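In: Below are the sequence and a predicted model for it; my questions follow.
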Amino acid sequence: MVTVIQSAVAPALTENPDSARVPEERRRGRGAALNKSGRYEPLSRESFDDGWDSLEDLPPLQTRVQEERARTIITRNESPDLSFDRSINPYRGCEHGCIYCFARPSHAFLGLSPGLDFETRLFAKPNAAQLLERELSRPGYTPRVIAIGTNTDPYQPLERGYGLMRDILEVLENCGHPVAIVTKSALVTRDIDILARMAERNLVKVALSVTSLDRKLCRAMEPRASAPHKRLGAIKALSAAGIPTSIMMAPIIPALTDSEIENLLEEAAGHGAVEAGYVLLRLPLEVSELFRDWLLRERPDRYQRVMSLIRSMRGGKDYDAKWGERMRGGGPYADQISKRFSLAAKRLGLNLRRKKLNSDAFVQPQKGGVQLDLF
């Protein structure tokens with residue numbers, strides 16, 4: 001194994017990507033195959049096989065979790081593209097390993113790679129619920145819906161052990177605060193007891209993100225997320241418990257998953273979903289190279305078609321972050337996707353009424369003045 005060190009990170013996919021990929025034996029069950037240094041690092045490090053069979057001594061990549069004593073837990077945003085102005089992320093990085101995840105570049109802020117590091121070097125915030133209680137108790141706090149799962153998945157595998165999401169829900173339930181959840185995990189059904197009680201007070205809604213009904217494609221694209229049928233099963237279980245549940249087709253990938261729009265919405269509606277939404281594939285910063293490398297590995301016959309359509313909807317680029325277009329794209333093909341989705345949703349009775357959660361039941365918690373640990 002040889003590690004090449006450069007003075008800058010190369011933005012383009014190498015002509016021979018096989019030489020830069022982490023060997024399959026080490027990354028089995030992961031989404032990314034590359035692990036280049038983050039864009040803020042002064043030097044770029046990239047390992048490749050030098051042909052001397054030194055890879056036999058390297059073990060498979062293991063998930064490592066570091067506990068982070070966060071100082072704040074509610075993140076604010078002013079994006080005109082989003083329906084919420086605050087969110088919570090109990091974890092950094094995501095073991096689901098979705099190759100298209102637009103949150104991958106955030107790992108560069110930690111000095112880590114948006115590639116394999118993003119799905120193997122994770123951070124948990126064990127004081128999340130305590131911080132939330134304190135922040136909700138601050139004088140002048142005005143309740144609005146808190147979104148959870150908009151960056152990394154709150155129900156990713158390590159939640160089974162940490163239970164941070166359940167702790168957060170308990171705080172929100174106790175003070176009557178509304179919350180909207182997005183996840184790719186059937187683990188959300190673990191918290192049906194809390195969610196059902198909150199739903200009775202109109203305090204919660206849940207969206208299951210399902211990109212495809214093709215289990216083989218999902219396994220390659222989202223290796224550690226719940227299988228599609230389990231996500232649909234979660235929609236059914238949540239709906240049966242009286243919890244408003246929706247389907248998010250996020251993302252729609254042209255020439256790869258867009259052919260499934262109608263079938264996927266039919267399945268979701270049949271399992272009890274009452275709303276539906278979608279996001280067009282986004283490829284910001286390092287995600288572009290990671291996704292293109294994945295396409296070359298997993299769907300080489302679709303590479304040219306997929307990238308051609310993406311660029312036709314992004315002004316000739318892999319990605320355009322322009323407000324109003326970054327979620328849906330522009331041009332004829334983007335318009336066609338939008339119309340197909342809207343017509344299918346209307347035919348199935350989805351989105352007839354958008355659920356507006358209640359903020360009037362909020363009562364500030366009384367324990368927020370407790371001093372937190374300094375370290």
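Out: Structure's in. What do you need?
In: CA atoms for contacts and neighbours, from now on please.
Out: Fine.
In: just checking, what packs against the top helix by length along the chain?
Out: Assignment by DSSP state H gives helix 332-347 as the longest helix of the chain. Contacts defined by 3 or more CA pairs under 8 Å, 6 or more residues apart in numbering; DSSP states H and E place helix 332-347 against helix 261-270, helix 303-313.
In: Could you give the average pLDDT over it?
Out: Mean pLDDT, computed over helix 332-347, is 98.
In: Name the residues of that helix that are buried.
Out: By neighbour count on 16 or more other CA atoms under 10 Å, the buried set for helix 332-347 is 334, 337-338, 341-342, 344-345.
In: try stretch 267-279
Out: Buried positions in stretch 267-279, judged by neighbour count with 16+ other CA under 10 Å: 268-269, 271-279.
In: Look up phi and psi at residue 251.
Out: Main-chain dihedrals, residue 251, degrees, to the nearest 10: phi -100, psi 170.
In: neighbours around it, how many?
Out: Using other CA atoms under 10 Å, residue 251 has 23 neighbouring residues.
In: check contacts around it.
Out: By CA atoms under 8 Å, 6 or more residues apart in numbering, residue 251 lies in contact with 211, 278-282.
In: List just the nearest of those residues to residue 86.
Out: residue 279 (19.2 Å; CA to CA).
In: for residue 217, helix, strand, or coil?
Out: Under DSSP: H, G, I helix; E, B strand; the rest coil, the three-state class of residue 217 is helix.
In: Look up how far residue 253 lies from it.
Out: Using CA to CA, to the nearest Å, residue 217 is found at 12 Å from residue 253.
In: So those two - more neighbours on which side?
Out: Under the criterion of other CA under 10 Å, the comparison of residue 217 against residue 253 puts residue 253 first, with 21 against 16.
In: check contacts around the more buried one.
Out: Listed by CA under 8 Å, 6+ apart, the contact set of residue 253 reads 280-281, 306.
In: which residues in the stretch 151-300 of the chain form helices?
Out: Secondary structure of the stretch 151-300 of the chain (DSSP state H, counting those that start in this stretch): helices at 159-162, 164-175, 192-200, 215-221, 228-240, 261-270, 286-298.
In: Nearest to residue 147, out of the ones you listed?
Out: The minimum distance between residue 147 and these falls on helix 164-175, with 11.8 Å, by CA to CA.
In: what is the mean pLDDT for the closest one?
Out: Average pLDDT, helix 164-175: 98.
In: Check stretch 29-48 too.
Out: Average pLDDT, stretch 29-48: 83.
In: Quick check: closest non-adjacent residue to residue 62.
Out: In space, residue 62 comes closest to residue 120 once its chain neighbours are excluded; the distance is 6.4 Å by CA to CA, 6 or more residues apart in numbering.
In: Determine the angle, from 0 to 180 degrees, between the longest helix of the chain and helix 261-270.
Out: Interaxial angle of helix 332-347 relative to helix 261-270 (axes from the mean of the first three to the mean of the last three CA atoms, to 10 degrees): 30 degrees.
In: Dump the C-alpha coordinates for helix 332-347 into PDB.
Out: Provided in PDB are the C-alpha atoms of helix 332-347 (Å, rounded to 0.1, in the frame of the first residue of the first chain):
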ATOM      1  CA  PRO A 332     -37.500  20.100 -19.600                       C
ATOM      2  CA  TYR A 333     -36.500  16.900 -17.900                       C
ATOM      3  CA  ALA A 334     -36.800  18.400 -14.400                       C
ATOM      4  CA  ASP A 335     -40.200  19.700 -15.300                       C
ATOM      5  CA  GLN A 336     -41.300  16.300 -16.500                       C
ATOM      6  CA  ILE A 337     -40.200  14.700 -13.200                       C
ATOM      7  CA  SER A 338     -42.200  17.400 -11.300                       C
ATOM      8  CA  LYS A 339     -45.300  16.800 -13.400                       C
ATOM      9  CA  ARG A 340     -45.200  13.100 -13.200                       C
ATOM     10  CA  PHE A 341     -44.700  13.200  -9.400                       C
ATOM     11  CA  SER A 342     -47.600  15.700  -8.900                       C
ATOM     12  CA  LEU A 343     -50.000  13.800 -11.100                       C
ATOM     13  CA  ALA A 344     -49.300  10.500  -9.400                       C
ATOM     14  CA  ALA A 345     -49.600  12.000  -6.000                       C
ATOM     15  CA  LYS A 346     -52.900  13.600  -6.900                       C
ATOM     16  CA  ARG A 347     -54.300  10.300  -8.400                       C
END
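In: Need the residues that contact it.
Out: 258, 261-262, 265, 276, 309, 312-313, 328, 351-352.
In: any idea how far the closest residue to residue 236 other than its chain neighbours is from residue 166?
Out: Counting by CA to CA, 6+ apart, residue 271 is the residue found nearest to residue 236 once chain neighbours are left out, at 4.7 Å. Per CA to CA, residue 271 is found 24 Å from residue 166.
In: What are the boundaries of the strands in the chain?
Out: Per DSSP state E, the chain carries strands over the ranges 2-6, 44-48, 64-67, 74-76, 86-88, 91-92, 121-124, 146-148, 179-183, 204-209, 245-252, 275-280.
In: could I get these as JSON lines with distance to residue 30?
Out: Formatted as JSON lines, the strands of the chain follow (distance: least, CA to CA, whole Å):
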{"stretch": "strand 2-6", "distance to residue 30": "21"}
{"stretch": "strand 44-48", "distance to residue 30": "17"}
{"stretch": "strand 64-67", "distance to residue 30": "14"}
{"stretch": "strand 74-76", "distance to residue 30": "28"}
{"stretch": "strand 86-88", "distance to residue 30": "25"}
{"stretch": "strand 91-92", "distance to residue 30": "17"}
{"stretch": "strand 121-124", "distance to residue 30": "12"}
{"stretch": "strand 146-148", "distance to residue 30": "24"}
{"stretch": "strand 179-183", "distance to residue 30": "18"}
{"stretch": "strand 204-209", "distance to residue 30": "19"}
{"stretch": "strand 245-252", "distance to residue 30": "19"}
{"stretch": "strand 275-280", "distance to residue 30": "23"}
